[in-house]
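Engineer: with the sequence up front, the predicted model follows.
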Amino acid sequence: MVVHRLSLSQTTIFFARQQLKKVRLLLPSTHASKITVGNWRKKTIYAMHREGLELNEGWFNEASQNQAMRFGDLPEWAMELSDAICESVLLSDAMDLGSSGGDEETCAFPSDLLWRKPLFNQLIVNLYKPGEGICAHVDLLRFEDGIAIVSLESSCVMHFTRVERIDYDIVKEGQLDPLIEKVPVLLTPGSLVLLSGEARYLWKHEINRLPGFQMWEGQELNQMTRMSITLRKLCKT
């Protein structure tokens, strides 16, 4: 499993990679699968901000609402987001291939996933109040490989943990590495996480926003309302 950081700017890509060097050292370098983390420009995500969702989709108009789902045809802004993800991955992959001498293992998203049609056909938007997070989990097998998560409004630390018991056919006996401790990844507002391969199937991800758990470089992050947008593709029945 490898951690990358994407951006729409070459300067931002270079800076982010420098920032992530110490995170990379914590992760097994032999895994071709990836967690890819990138940051999006404001004009890419403005339509997905909470106020935009209220205006365009009628979501979260009531205080009791904190989740919205869509299956099949996605709203226009989500389709635009999918296109932006594809373009950003292509840019990052082109740069990675150039710097690695053509090694496809460095690519952010496998080409067979990137060019599938549609790229995503399931959407879930979650609104989290301070202190609310997600338990450690692997996404359900009803969804295909290749998952995108956009994190908005509040910084947070997402932790990744190798699953203790493997029930998936894609893993053969003897291929697993020993369990490692939780691996933290900082998500700032606008961050994009792409999960594929082992990162999607063999690593649990969680966000614990209770007091004392959101620590980064010795400092506790100030927790505000956070929104996450997850894009996935349903398996064919």
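Structural biologist: Received, thanks.

Engineer: wasn't Leu113 part of a helix?
Structural biologist: Yes - counting by DSSP: H, G, I helix; E, B strand; the rest coil, Leu113 is located in a helix.

Engineer: relative to Leu119, how far out is it?
Structural biologist: Noted for Leu113: a distance of 8 Å to Leu119, by C-beta to C-beta, to the nearest Å. Placement of C-beta: from N, CA and C, glycine included.

Engineer: common neighbours of these two, please.
Structural biologist: With contacts taken as C-beta atoms under 8 Å, 6 or more residues apart in numbering, Leu113 and Leu119 have Gly146 as neighbours in common.

Engineer: bridged to the closest residue to Phe143 other than its chain neighbours, which residues?
Structural biologist: Distance criterion C-beta to C-beta, 6 or more residues apart in numbering; nearest residue to Phe143, sequence neighbours excluded, is Arg232 at 4.3 Å. Per DSSP bridges, the residues bridged to Arg232 are Gln122.

Engineer: what does Leu192 give?
Structural biologist: Gly38, Val150.

Engineer: now do Gln219
Structural biologist: Under the criterion used (DSSP bridges), Gln219 bridges to Trp216.

Engineer: what's the local residue count around it?
Structural biologist: Neighbour count of Gln219, defined by other C-beta atoms under 10 Å: 8.

Engineer: tell me the spacing between it and Val193.
Structural biologist: For Gln219, the distance to Val193 - C-beta to C-beta - is 22 Å.

Engineer: span of stretch 70-82 from start to end?
Structural biologist: Its start and end residues considered, stretch 70-82 measures 14 Å (C-alpha to C-alpha, to the nearest Å).

Engineer: got the buried residues for that stretch?
Structural biologist: 74-75, 77-78, 81-82 (16 or more other C-beta atoms under 10 Å).

Engineer: next one: stretch 80-91
Structural biologist: Buried, per 16+ other C-beta under 10 Å, within stretch 80-91: 81-82, 84-85, 88-89, 91.

Engineer: for this structure, which segments count as strands?
Structural biologist: 2-6, 34-39, 67-71, 122-128, 134-137, 147-152, 156-162, 183-187, 191-196, 203-207, 215-216, 219-220, 226-232 (DSSP state E).

Engineer: tell me which of the ones you listed lies nearest to Phe109.
Structural biologist: strand 191-196 (5.6 Å; C-beta to C-beta).

Engineer: show me what the closest one is packed up against.
Structural biologist: strand 34-39, helix 76-99, strand 147-152 (3 or more C-beta pairs under 8 Å, 6 or more residues apart in numbering; DSSP states H and E).

Engineer: which of these has the lowest mean pLDDT?
Structural biologist: Among the helices and strands packed on strand 191-196, strand 34-39 carries the lowest mean pLDDT, a mean of 60.

Engineer: I'd say the residue nearest to Phe143 and Asp139 touch.
Structural biologist: Yes - judged on C-beta atoms under 8 Å, Arg232 makes contact with Asp139 at a distance of 6.9 Å.

Engineer: what is in contact with the two at once?
Structural biologist: In contact with both Arg232 and Asp139: Ile147, using C-beta under 8 Å, 6+ apart.

Engineer: higher neighbour count, those two?
Structural biologist: Comparing Arg232 with Asp139 by other C-beta under 10 Å, the one with more neighbours is Arg232, at 22 against 17.
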